[in-house]
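Enquirer: Take a look and give me a structure for this.
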Amino acid sequence: MDNTNQRKALINGEIALFLRGLIIGKVLTLIVIGGLLWWLLKPNLLSRSSSNLYSSNQSVNASSSEKSNFQTIADVPSGSFNYGGSTAWASIRQLVDSQIQSDRPELRLRYVDPTKNSPGSSSGIRMLLDGQLDFAQSSRPLTDEEQAIATQRGFTLEQRRVGIDGIAVVVNPSLKVPGLTVDQLQQIYSGQITNWEQVGGPNLPIIPFSQRPENADTVIFSSNNNLKGQAFGSNVKYVYSTTEAVRQLSKTPGGLYYASARSVIPQCSVKALPLGRTSSELIPPYREPLVSPENCLRQRNQVNIEAIRNGSYPMTAEMFVIIKQNKGREQQIGDAYAKLLLTEEGQKAIEQAGFVGVR
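Expert: So this is what the prediction gives:
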């Protein structure tokens, strides 16, 4: 009996052990299968979640893109329109305006040169006032006189800011001078400083060149409500354009000229001077190091965009679209052109053209 009971107890123990192992094995199998299924399904779940997130972001980006795209600006008129003005805008006309017309083929822009005066902000605004242009491009604000003329003729002028340019001062490459303060530059053009020795340079007469104030493209005095030339001294020599000024400087050791940084910094026959609010904080309008005239043809100097953007460079010019507020086609195209330039696409293109955007 004892042997039989022992045998039964041993069999029952083995059965219990077998059943326990079987149960544990099934549980482990279920865990493994469940884990495997979760692992296989995880990429799809993540992909679906990422896809939803991407779709959401894509919708936001599409919405943002729609608000800042040349093609989505409403009320752009069809037809051919005349415009003109500041010579500093030349690279914008070449790069940005061509992109606008490519995206908006219904819009045709025709640049018109003045027939009597040199091209520039002032002549462009006069042509707009006289009905020769549909809108104008300017590198300076409107004057009180220009606003008064518009009022007399039954409309007003609006200036829409779209970019910022630096004003660079250039000299003959042979001139050795550390730079100028804004006050010294103004004193040179008003006739108070007449020799480079007075500003740390050689004993050499200063010969300042400028466009005539009434045809000015940019201004260097804080107030430009009167552009008749009273601020300039008798020592100033007048030129028709920046091209002529650069040509004169290349053969005038003591010469000096100011203009849009974008138009004169890359020139090989002149040298840009650092400018400062004080003599201890002179900031170059070009990216350092300065490229020498010998290497200029291979590697042009570039505008110091960062100094203009952060405000450390002391002389800048705001760029305006001048719009005739007359409730006609002129107002419609001027408003549409300014809106196109203020889109994200327009601002990026303005920066590609060498200026600083305002958005």
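Enquirer: Please make it C-alpha for all contacts and neighbour counts, starting now.
Expert: Noted.
Enquirer: shaky segments in the protein?
Expert: Across the chain, the ranges flagged by pLDDT under 70 are 1-67, 222-230.
Enquirer: do that again at 90, thanks
Expert: Residue ranges of the chain with pLDDT under 90: 1-69, 72, 115-119, 211-231, 240-241, 292-294, 297, 354, 359.
Enquirer: what are the ranges of the strands in it?
Expert: 79-85, 107-111, 135-138, 156-171, 180-181, 207-210, 237-238, 255-260, 271-273, 275-276, 316-325, 356-357 (DSSP state E).
Enquirer: for those, which one sits closest to residue 308?
Expert: strand 156-171 (6.3 Å; Cα to Cα).
Enquirer: mind listing the helices for the stretch 251-359 of the chain?
Expert: For the stretch 251-359 of the chain, the helices defined by DSSP state H, counting those that start in this stretch cover 261-264, 305-310, 329-341, 344-352.
Enquirer: Ranking the ones you listed by mean neighbour count, which comes first?
Expert: helix 261-264 (a mean of 24; mean count of other Cα atoms under 10 Å).
Enquirer: Check the offset of that helix from the chain's centre.
Expert: Computed by Cα atoms, centre = their mean, to the nearest Å, the chain-centroid distance of helix 261-264 equals 14 Å.
Enquirer: what does stretch 342-350 give?
Expert: With Cα atoms, centre = their mean as the basis, stretch 342-350 stands 8 Å off its chain's centre.
Enquirer: what does that stretch rub up against?
Expert: Identification of contacts with stretch 342-350 by Cα atoms under 8 Å, 6 or more residues apart in numbering yields 67-70, 92, 95-96, 162-163, 340-341, 356-359.
Enquirer: Narrow those to those that are buried.
Expert: The neighbour-count test (16 or more other Cα atoms under 10 Å) marks 68-70, 92, 96, 162-163, 340-341, 356-357 as buried among the contacts of stretch 342-350.
Enquirer: could I get those as CSV with distance to residue 306?
Expert: CSV is the format used below for the buried ones among the contacts of stretch 342-350 (distance: Cα to Cα, whole Å):
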residue, distance to residue 306
68, 24
69, 25
70, 26
92, 19
96, 21
162, 17
163, 14
340, 24
341, 21
356, 9
357, 12
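Enquirer: follow-up on the earlier one: pick the one among the contacts of stretch 342-350 closest to residue 312.
Expert: Distance to residue 312 across the contacts of stretch 342-350 (Cα to Cα) is lowest for residue 356, with 13.6 Å.
Enquirer: Could you measure from that closest one over to residue 349?
Expert: Using Cα to Cα, to the nearest Å, residue 356 is found at 10 Å from residue 349.
Enquirer: likewise residue 292?
Expert: 29 Å.
Enquirer: With residue 171 instead?
Expert: According to Cα to Cα, residue 171 and residue 349 sit 30 Å apart.
Enquirer: Ramachandran angles for the closest residue to residue 235 other than its chain neighbours?
Expert: Using Cα to Cα, 6 or more residues apart in numbering and skipping residues adjacent in sequence, the residue nearest residue 235 is residue 191, 6.3 Å away. Backbone torsions for residue 191, taken as degrees, to the nearest 10, come to phi 90, psi 10.
Enquirer: So what does residue 313 have for phi and psi?
Expert: For residue 313, the backbone dihedrals are phi -80, psi 130 (criterion: degrees, to the nearest 10).
Enquirer: count of neighbours near it?
Expert: The local packing of residue 313 (other Cα atoms under 10 Å) involves 24 other residues.
Enquirer: for the one 3 residues further on, same thing?
Expert: The number of residues packed around residue 316, counting by other Cα under 10 Å, is 21.
Enquirer: Now do the contacts for the closest residue to it other than its chain neighbours.
Expert: Sequence neighbours aside, residue 166 is the residue nearest to residue 316 in space, at 4.2 Å (criterion: Cα to Cα, 6+ apart). The contact partners of residue 166, taken as Cα under 8 Å, 6+ apart, are 260-262, 285, 308, 313, 315-317, 355.
Enquirer: can you put those in a markdown table and add distance to residue 204?
Expert: Listed next are the contacts of residue 166 as a markdown table, based on distance: Cα to Cα, whole Å:
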| residue | distance to residue 204 |
| --- | --- |
| 260 | 26 |
| 261 | 25 |
| 262 | 28 |
| 285 | 24 |
| 308 | 31 |
| 313 | 27 |
| 315 | 25 |
| 316 | 28 |
| 317 | 30 |
| 355 | 34 |
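Enquirer: Which member of the residues you listed is positioned nearest residue 101?
Expert: Nearest to residue 101 out of those is residue 355 (Cα to Cα; 20.2 Å).
Enquirer: That closest one and residue 166: what is the separation?
Expert: Counting by Cα to Cα, the gap between residue 355 and residue 166 amounts to 8 Å.
Enquirer: Give me the common contacts of the two.
Expert: With Cα under 8 Å, 6+ apart as the test, residue 355 and residue 166 both reach residue 262.
Enquirer: Now for residue 238, how many residues are close by?
Expert: Neighbours of residue 238 (other Cα under 10 Å): 14.
Enquirer: ok, what's across the strand from it?
Expert: Going by DSSP bridges, residue 238 is paired in beta bridges with residue 210.
Enquirer: separation between it and residue 144?
Expert: Using Cα to Cα, we find residue 238 at a distance of 24 Å from residue 144.
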